[in-house]
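A.B. asks: coords below, sequence missing:
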């Protein structure tokens, strides 16, 4: 599931880079940051050297995703006038990625002995951090702040994880529940175009 | 004093989020980041797991501040055409927050054995880091770079702390002097609309 | 070489701050961040307290660079209509800085036992991180994403370092090769105005 997430986030990131007319390197950087940014921030927050800089599997998956993203961007230009970033081919794997990353974040937070708030923050940061960084670099107002029901799924997932884990169920079950909740909420939000009210 | 700071910064952050027409989650994220961003960065720089992710008191205060900020934003819309962010009700607690945060930063830096520059940097980062992050997310040029006498107060406060501490006075006295200097400077800057010259 | 880099980056950063009509403090902050941002991020990624906050030599050099940058900005206003940031007086030292910082990043990554990807990332982050941060603060799309052959030099340099070091040559020789490659590539890129293709 983590692999699907890395792949999906790398594809989304590089599609968005291509949409913004970046050069090849810029597209690659955006893909890599979108996929790894959340996890790296998570590791920094619990004071450890980021996994992504030590292992090579994650990176290989991400680079493959970047190549796929560039290919998709070219394909999309030929087939449609729309960007593929709003297409179900991208949105569904992206939801899987959000669920996988939010769950990893909650697990790492629990292992590091953080508070309930820490668990929710790490679930959210791991899930949306990469997209937020790439928004800042592209000078968009981060989509998590203005757009629909995205970060909310990770926040709810992190809270559910903490609740379930505190009740005494094992980590595995909590992780499963968290992933299902995040993916379910996000799918419903896409399907019914949920939005949060403004103040 | 730290509590006043967290509260004030959370209120300011969520008022600014409301001004920018973010949704409820965006407003909450902005309030939380403005209040906790500086402290989290400070903890990362001295290589420890952020306090805000381990304790729950800080977070409760901040969330209360966010709710107050949302209420104030609605109230402000009814009463005046102006945003409340420039009103004394917000500016004075904000100055207390700046003083409290700059002092905490200087204390943490001293405990970590940083250089004089490190003390000044940590005082400044803790004081203005949260506001800077929320400016970046809202795509404003950070106010610390263009606007009046704000970060300067923290820089002066950090320097004074280091000087006083180096002379051999205890940490407590240094902290007190630092807080008084920052709050005093900031109050004067607000009162007399001090500005720094451009190059 | 590191000193030349710190100096050049501080000058470039403060020139860009002056171009953006920041106040004196803003210019200084931009110079300091451009010069130290990459190294601080590097140290955070390998989980150590940033060198820049512990020693005082680096900071003195950087502050000197900021003063020089402000003087140059005034001088440039008198002499030419153009900004000095595109002038060879600035571009060449900047290339030395890029080479020095990329090499330091690769060395730190190797000492921390990172993967090949980690070595490349740290070389790149150390080399371009400061400029990227200042771009974000000035609300520019980061030059590393859109502009010519800059980050690419650091990426190639980091890869070469890892290759040479893996073949079994000592760290010193690897570092030398890396620095020469980065500086050489960057000089050629400036001279012949190399660009990367867009997707």
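C.D. replies: Sure, I can see it. Please read all numbers here as calculations on a predicted model, not as lab measurements.

A.B. asks: Excluding chain neighbours, what is closest to residue A:38?
C.D. replies: residue A:129 (3.5 Å; C-beta to C-beta, 6 or more residues apart in numbering or on different chains). Backbone N, C-alpha and C define where each C-beta goes, glycine included.

A.B. asks: Over to residue A:46?
C.D. replies: Excluding the flanking residues, the one nearest residue A:46 by C-beta to C-beta, 6+ apart is residue A:112, at 4.1 Å.

A.B. asks: List the contacts of stretch A:47-64.
C.D. replies: Contact with stretch A:47-64 is made by A:3, A:6-7, A:10, A:28, A:31-32, A:35-36, A:39-40, A:43-44, A:112, B:47-49, C:45-47, C:109, C:112-118, C:121-122, as judged by C-beta atoms under 8 Å, 6 or more residues apart in numbering or on different chains.

A.B. asks: Now a ChimeraX select for only the buried ones of those residues.
C.D. replies: Restricted to buried positions by 16 or more other C-beta atoms under 10 Å in any protein chain shown, the ChimeraX selection for the contacts of stretch A:47-64 reads:
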select /A:3,6,7,10,28,31,32,35,36,39,40,43,44,112 /B:49 /C:45,46,109,112,114,115,116,117,118,121,122
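
A.B. asks: list the buried ones in stretch A:171-179?
C.D. replies: Residues A:174, A:175, A:177, A:178, A:179 are the ones in stretch A:171-179 that count as buried (16+ other C-beta under 10 Å).

A.B. asks: Spit out the contact partners of residue A:131.
C.D. replies: A:9, A:12, A:13, A:34, A:37, A:38, A:142, A:143, A:144.

A.B. asks: So which one of those is the model least confident about?
C.D. replies: pLDDT across the contacts of residue A:131 is lowest for residue A:144, at 68.

A.B. asks: between the contacts of residue A:131, which is closest to residue A:97?
C.D. replies: residue A:9 (5.0 Å; C-beta to C-beta).

A.B. asks: pretty sure that closest one is touching residue A:132, no?
C.D. replies: No - applying C-beta atoms under 8 Å as the test, residue A:9 and residue A:132 come out as separate, 11.9 Å apart.

A.B. asks: between those two, who's got more neighbours?
C.D. replies: Set residue A:9 next to residue A:132 and count neighbours by other C-beta atoms under 10 Å in any protein chain shown: residue A:9 wins out with 33 against 25.

A.B. asks: Quick check: the more buried one vs residue A:72, distance?
C.D. replies: Distance from residue A:9 to residue A:72, counting by C-beta to C-beta, to the nearest Å: 14 Å.

A.B. asks: likewise residue A:104?
C.D. replies: Distance from residue A:104 to residue A:72, by C-beta to C-beta: 25 Å.

A.B. asks: Compare the two and say which is more crowded by neighbours.
C.D. replies: Each of residue A:104 and residue A:72 has its neighbours counted (other C-beta under 10 Å); residue A:104 has more, 24 against 20.

A.B. asks: Next up, the contacts around the closest residue to the more buried one other than its chain neighbours.
C.D. replies: Nearest residue to residue A:104, sequence neighbours excluded (C-beta to C-beta, 6+ apart): residue A:126, at 5.7 Å. Taking C-beta under 8 Å, 6+ apart, we find residue A:126 in contact with A:38, A:39, A:41, A:42, A:101, A:102, A:104, A:105, A:108, A:154.

A.B. asks: Please enumerate residues in contact with stretch A:187-199?
C.D. replies: Residues contacting stretch A:187-199 (C-beta under 8 Å, 6+ apart): A:91-92, A:95, A:148-150, A:152-153, B:17-18, B:21-27, B:70, B:73-74.

A.B. asks: List only buried entries from the residues you listed.
C.D. replies: Neighbour-count burial (16+ other C-beta under 10 Å) applied to the contacts of stretch A:187-199 gives A:91-92, A:95, A:148-150, A:152-153, B:17-18, B:22-27, B:70, B:73.

A.B. asks: Out of those, list just those in helices.
C.D. replies: Among the buried ones among the contacts of stretch A:187-199, the residues falling in helices (DSSP state H) are A:91-92, A:95, A:152-153, B:17-18, B:24-27, B:70, B:73.

A.B. asks: Now compare those residues and name the two farthest from each other.
C.D. replies: Going by C-beta to C-beta, the pair spanning these furthest: A:92 and B:73, at 36.2 Å.

A.B. asks: Residues of chain A that sit close to chain C?
C.D. replies: Selection of chain A residues close to chain C by C-beta under 8 Å from any C-beta of the partner chain yields A:17-18, A:20-27, A:29-30, A:40, A:44, A:47-50, A:52-56, A:59, A:70, A:73-74, A:136-139.
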